[in-house]
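Participant: Build me a structure from this.
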Amino acid sequence: MPSRRPWRFIARRGLRLPYGGRWSRQAGTRYNGGMNAGTKFAIGAGLIVASVGYLMASGVKETGQYFLTPTELTQKVALDPSFYNVGMRVGAHVVRGTVSKDVATQTLRFEVSDGSARYPVVFHGLPPDTFTDSVEVVVEGRLQKDGVIHATNVLAKCGSRYESVPKA
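Facilitator: Reported below is the predicted structural model:
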């Protein structure tokens, strides 16, 4: 198997070298930055671990709480008035009888509630197939200063399809 040392030219002029002036593969002609393989491995492993740790921490921070309830949203707005026009998710039930659809503009208007707090929602687009009155939804969007949530996405839960059958 050939040696992995690089070729290096060693000059004859003015220097007395044991090899003479020729291309040489002698030991010690390669510069490796003064680090041995173990040090390089440790630095590389440390960088990989730090990168993975950063990605995990930032992912947990973004998805640590999947959604707020309307009551939590009301409390958050009361504590921090600058919370308006911030991207968020609100999980609640659609209030029965509040759904109105405008087919021409593809606008869906409804209200969500968790029993104590209630917010109107405006969504431009096609609603999910499972969207009906009193269904549980997660609304992604921004709360405006007028108290209306302008949704960019609506996710509806279909209880009959995803819940287990009660045991007798």
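Participant: does the residue nearest the centre of the chain count as helix, strand or coil?
Facilitator: With distances taken as C-alpha atoms, centre = their mean, the residue of the chain nearest its centroid is residue 59 (5.0 Å). Three-state assignment for residue 59 (DSSP: H, G, I helix; E, B strand; the rest coil): helix.
Participant: Tell me the pLDDT of it.
Facilitator: What the model reports as pLDDT for residue 59 is 74.
Participant: Kindly report the same for residue 26.
Facilitator: Model confidence at residue 26, expressed as pLDDT, equals 55.
Participant: Now for residue 141, how many residues are close by?
Facilitator: Residues contacting residue 141 under the criterion other C-beta atoms under 10 Å number 19. Bear in mind the C-beta positions are built from the backbone N, C-alpha and C, glycine included.
Participant: show me what contacts it?
Facilitator: Contact analysis of residue 141 by C-beta atoms under 8 Å, 6 or more residues apart in numbering lists 87, 88, 90, 121, 123, 149, 150, 151, 152, 153.
Participant: now do residue 97
Facilitator: By C-beta under 8 Å, 6+ apart, the residues touching residue 97 are residue 133.
Participant: Great, nothing more from me.
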